[in-house]
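Asker: 3D model of this:
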Amino acid sequence: RSGNCENVDYQSPEIFAEHSGAERIYVSGGSMKMSIWKRVRPWIIPAVVTLLFCLVLRFVVLIGYVPSASMEPTIKQDSLIFGWRIHNTPEVGDILVFEKDDVLQVKRVAAVPGDTVDYSSLEYMDSLPIPERNMPVVTVPAGCYFLLGDNVQNSLDSRYWDNPFISEDQIVAIIPQHEN
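Answerer: Just a heads-up that it's a prediction; the model follows:
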């Protein structure tokens, strides 16, 4: 070093404290280094909120998209839906989200366990042939439901499925309905 700055790197603690107001400073491994807790603390609340949000979406509510017109006019095509994963036993008229053939679908409960379904009294799509059934009248088995879409002319539902019943295990959520 040259000139008047030969003792710049060394300042006694007394001089440093007198001019800076600080009593001591550690450059490596001391009080200048933030503790892990100080680095993590700002992230705790956002992490907990995110975790709670994910748990609610996984176990309490369902938010979904309806790409088809099978439930029109009740649920329009391309609508977003909200459903409760925690629900009571479905009743006739309830709208369910259920899994069939690895696809989530939305239909209305037309018959509950113990109800009889007369296939000859159902309305069918004009564009598809009426499926032939061995028994024209069936009773909905325990733990199962018979489901129909609201748009009769555009819904592949229990009328057309080989096994026309959905079991309770396949139900994912119930869509809340508004009273008019």
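Asker: which residue ranges form the helices in this structure?
Answerer: 13-20, 36-59 (DSSP state H).
Asker: Can I get these in TSV including mean pLDDT and mean neighbour count?
Answerer: For the C-beta atoms, the positions are set from N, CA and C on the backbone; glycine is no exception. As requested, these are exported to TSV (pLDDT from 0 to 100; neighbours: other C-beta atoms under 10 Å):
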stretch	mean pLDDT	mean neighbour count
helix 13-20	53	11
helix 36-59	93	10
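Asker: Reformat those as JSON lines; add distance to residue 88.
Answerer: Compiled in JSON lines, the helices of the chain are given as follows (distance: least, C-beta to C-beta, whole Å):
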{"stretch": "helix 13-20", "distance to residue 88": "69"}
{"stretch": "helix 36-59", "distance to residue 88": "16"}
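Asker: Show me the one of those that comes nearest residue 71.
Answerer: Closest approach to residue 71 among the helices of the chain is made by helix 36-59 (22.2 Å; C-beta to C-beta).
Asker: quick one: contacts of the closest one?
Answerer: Helix 36-59 is contacted from outside by 63, 85-86, using C-beta atoms under 8 Å, 6 or more residues apart in numbering.
Asker: Check stretch 165-178 too.
Answerer: Stretch 165-178 has contacts (C-beta under 8 Å, 6+ apart) with 61-62, 75, 81-85, 87-88, 90, 93-100, 104, 106, 140-141, 143-147, 158.
Asker: Kindly report the same for stretch 95-104.
Answerer: Counting by C-beta under 8 Å, 6+ apart, 62, 64, 71, 74-75, 81, 83, 90, 105-109, 145, 147, 161, 166, 170-175, 177 sit against stretch 95-104.
Asker: Please, where are all the strands along the chain?
Answerer: 61-66, 79-84, 95-100, 103-111, 116-118, 137-139, 144-148, 165-167, 171-175 (DSSP state E).
Asker: what's the spacing between residue 106 and residue 41?
Answerer: Separation of residue 106 from residue 41 (C-beta to C-beta, to the nearest Å): 44 Å.
Asker: returning to that earlier point: point out the most buried one among the strands of the chain.
Answerer: strand 144-148 (a mean of 24; mean count of other C-beta atoms under 10 Å).
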